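K.L.:
Structural data only, the sequence is not supplied:
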């Protein structure tokens with residue numbers, strides 16, 4: 001049994017796949033194995049073909065060595081962990097495993113060639129294996145998208161029994177339904193007392209904490225998700241793990257410390273006990289400096305490239321409605337500093353004066369004001385909002401150092417005035433043009449969900465996470481979903 005981290009600081013006790021999930025898992029792994037091998041074969045054929053085209057002599061030994069590398073390629077990926085079930089469909093973990101396996105094989109071949117003073121491996125190390133790695137990463141990316149599409153319609157899902165209190169289970173159900181690409185579906189619940197009349201949004205209550213093993217069998221579940229609750233201490237969790245061991249059921253345990261994950265968490269054995277070490281987020285130093293430089297350079301280049309399109313959008317706004325093209329509004333930035341945010345105007349000029357008459361029609365359950373069919377939005381403004389074009393002038397704020405490309409949403413003064421102590425944590429970093437809230441539902445998110453995502457970003461920010469969010473932002477914005 002192994003302990004590791006996954007997602008939002010979730011401890012994983014890994015077991016072998018079984019039941020219905022094992023059927024699609026084996027089929028999916030066979031597709032990965034076949035595709036990875038074909039990627040290596042394609043790379044080998046390309047390298048050998050180019051050498052033949054250039055008139056190079058290729059010995060029989062080189063042919064044998066090249067095709068031997070093709071056969072060894074999936075084995076190297078397996079050593080890197082590229083075929084583990086829990087890596088399927090999880091981008092960073094899966095890509096890291098593929099990269100580690102490919103680089104490991106390149107290093108082994110290079111060291112072997114140097115030790116034997118053989119020239120036979122030079123073209124393979126310099127060309128074939130890097131090409132095979134790039135092709136495999138792209139293939140895994142396409143397969144990951146395929147898996148996510150199947151999961152959005154209910155296929156390739158793992159059946160989960162949730163154990164905990166009502167509110168925690170409801171939150172888990174909402175998150176799994178909002179993000180089905182993770183492949184988790186709650187099919188039953190175990191509460192402290194088996195009250196079968198409890199409303200869990202359609203999820204049946206199948207037992208209490210002492211019935212988990214039996215519930216797994218009855219529900220034909222693949223995994224158990226234990227949510228933080230005082231009744232399940234270390235001894236109780238240990239007994240639960242023992243009861244699930246014979247059936248090979250995966251056990252997920254969410255600790256009380258939520259929304260902290262990635263490199264900040266490590267398991268350290270102390271006095272025979274596995275203790276979870278939680279590092280502090282880095283808000284200063286070299287990493288913050290690199291993020292600042294990256295933000296300003298990218299924003300400056302984007303302004304140069306988009307200068308003419310931005311001028312065209314401004315002209316269109318002026319021609320179709322009265323008022324200026326740019327809208328300036330006071331927002332709250334890092335450490336509570338106020339600044340003027342720039343946006344393309346998408347509403348009528350007197351929109352703020354009309355807001356009071358529309359407060360009763362607010363569709364947002366928090367301090368924000370949102371309406372799907374806001375009568376103050378102009379026809380051009382609706383289009384700009386749908387594809388987030390109205391946000392592009394904020395590149396000026398990024399260049400000026402008031403915002404980042406990625407970060408929490410820049411709040412209004414009245415929003416900050418209504419913040420509680422926990423929500424003010426959002427203000428320890430610069431607000432961003434995009435963020436986890438943008439790629440996770442945009443305006444369709446509830447107030448609590450948007451706050452939780454912003455806090456998760458604050459606790460786990462990194463340049464790699466920023467790049468991932470920027471990549472996902474493009475696909476979300478082009479689809480125009482969740483914006484109004």
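P.N.:
Sure, I can see it. Note that the coordinates shown come from a computational prediction; the quantities given were computed from them, not determined experimentally. Numbers count the residues shown, from 1 in each chain.
K.L.:
dump the residue contacts of the residue nearest to residue 457 when sequence neighbours are not counted.
P.N.:
Residue nearest to residue 457 in three dimensions, not counting chain neighbours: residue 436, with 5.0 Å by Cβ to Cβ, 6 or more residues apart in numbering. Any C-beta I mention is one placed from the backbone N, CA and C, and that applies to glycine too. Contacts for residue 436 (Cβ atoms under 8 Å, 6 or more residues apart in numbering) come out as 453-454, 456-457, 469.
K.L.:
Residue 46 too?
P.N.:
Counting by Cβ under 8 Å, 6+ apart, residue 46 has contacts 128, 131.
K.L.:
Return the distance of it relative to residue 269.
P.N.:
47 Å (Cβ to Cβ, to the nearest Å).
K.L.:
Then residue 355?
P.N.:
57 Å.
K.L.:
got it, and residue 236?
P.N.:
Note on residue 236: its distance to residue 269, by Cβ to Cβ, is 21 Å.
K.L.:
Test my guess that residue 296 contacts residue 397.
P.N.:
No. Assessed by Cβ atoms under 8 Å, residue 296 is found out of contact with residue 397, at 10.8 Å.
K.L.:
Neighbour count for the two, which is higher?
P.N.:
Using other Cβ atoms under 10 Å, the more surrounded residue of residue 296 and residue 397 is residue 397, with 24 against 17.
K.L.:
Now name the helix or strand holding the more buried one.
P.N.:
Using DSSP states H and E, residue 397 falls within helix 394-399.
K.L.:
what does residue 276 give?
P.N.:
strand 273-278.
K.L.:
Can you tell me the strand partners of that strand and which way each runs?
P.N.:
Strands that pair with strand 273-278, judged by DSSP bridges, come out as strand 265-270 (antiparallel).
K.L.:
Within its sheet, name the partner strands of the helix or strand just after the helix holding residue 397 and how each one runs.
P.N.:
Using DSSP H and E, the helix or strand that follows helix 394-399 towards the C-terminus is strand 404-406. With DSSP bridges as the test, strand 404-406 is paired with strand 432-434 (parallel).
K.L.:
Which strands and helices lie in contact with the helix holding residue 397?
P.N.:
helix 286-305, strand 338-344, strand 432-434 (3 or more Cβ pairs under 8 Å, 6 or more residues apart in numbering; DSSP states H and E).
K.L.:
try 6 Å
P.N.:
In terms of contacts (3 or more Cβ pairs under 6 Å, 6 or more residues apart in numbering; DSSP states H and E), helix 394-399 is packed against helix 286-305, strand 338-344.
K.L.:
buried ones in that helix?
P.N.:
Judged by neighbour count (16 or more other Cβ atoms under 10 Å), helix 394-399 contains these buried residues: 394-399.
K.L.:
quick one: the strands in the chain?
P.N.:
Ranges of strands within the chain are 3-6, 10-13, 158-163, 184-191, 205-208, 223-226, 250-253, 265-270, 273-278, 326-332, 338-344, 404-406, 432-434, based on DSSP state E.
K.L.:
out of these, which comes closest to residue 95?
P.N.:
strand 3-6 (15.0 Å; Cβ to Cβ).
K.L.:
Okay, the closest residue to residue 408 other than its chain neighbours and residue 438: tell me how far apart.
P.N.:
Nearest residue to residue 408, sequence neighbours excluded (Cβ to Cβ, 6+ apart): residue 454, at 3.8 Å. According to Cβ to Cβ, residue 454 and residue 438 sit 11 Å apart.
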